[in-house]
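Q: what's the 3D shape of this:
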Amino acid sequence: MTLRIRSSTDDEKSRRLAADVLEHHGYAVTRAASGEEALALPARARRTTSCWLDIQLPGIGGIDTAACVAPAVGPGVRCR
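A: Here you go, the predicted model:
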């Protein structure tokens, strides 16, 4: 089973670097540039195993995004 990570940060270089490293290690990464983008990801992202969120995302911040994402993707998801 491939672990799926939802990664959200507004810095393009950080988003790309995190995804490249994680994908190199076999993770499937869904990227978002804002909290709103992370919440609007398609249904396939609902199989998320872990969320990596920038605390200071524009619009909806990382903490509020985590509070919305965790129940939507199911029990046991870890939001960091």
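Q: any idea how far Leu17 is from Thr48?
A: Distance, Leu17 to Thr48, by Cβ to Cβ, to the nearest Å: 20 Å. (Each C-beta comes from the backbone N, C-alpha and C, glycine too.)
Q: And these two? Which one has more around it.
A: Counted by other Cβ atoms under 10 Å, Leu17 and Thr48 do not tie: Thr48 has more neighbours, with 23 against 12.
Q: Would you agree Asp11 is in contact with Asp54?
A: Yes. Counting by Cβ atoms under 8 Å, Asp11 does reach Asp54; the two are 7.5 Å apart.
Q: Compare those two (neighbour count), which wins?
A: It is Asp54, of Asp11 and Asp54, that has more neighbours when counted by other Cβ under 10 Å, with 22 against 11.
Q: What values do phi and psi take at the more buried one?
A: phi -70, psi 130 (degrees, to the nearest 10).
Q: Which residue comes closest to it once chain neighbours are left out?
A: Thr9 (3.9 Å; Cβ to Cβ, 6 or more residues apart in numbering).
Q: Next up, the contacts around that neighbour.
A: Residues near Thr9 by Cβ atoms under 8 Å, 6 or more residues apart in numbering: Arg15, Ala18, Ala33, Trp52, Leu53, Asp54, Leu57.
Q: Remind me what the helix or strand hosting Arg16 packs against, helices and strands.
A: Following DSSP states H and E, one finds Arg16 within helix 12-24. When contacts are defined as 3 or more Cβ pairs under 8 Å, 6 or more residues apart in numbering; DSSP states H and E, helix 12-24 packs onto strand 4-8, strand 28-32.
Q: That helix vs strand 4-8, what angle?
A: 170 degrees (axes from the mean of the first three to the mean of the last three Cα atoms, to 10 degrees).
Q: so for helix 12-24, what's the average pLDDT?
A: Averaged over helix 12-24, pLDDT sits at 92.
Q: How far does it sit from its chain's centre?
A: Here helix 12-24 shows a centroid-to-chain-centroid distance of 12 Å under the convention Cα atoms, centre = their mean, to the nearest Å.
Q: coming back round to it: mind putting the contacts of Thr9 in a markdown table, distance to Val69 included?
A: Shown next, in a markdown table, are the contacts of Thr9 (distance: Cβ to Cβ, whole Å):
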| residue | distance to Val69 |
| --- | --- |
| Arg15 | 16 |
| Ala18 | 17 |
| Ala33 | 15 |
| Trp52 | 11 |
| Leu53 | 8 |
| Asp54 | 13 |
| Leu57 | 12 |
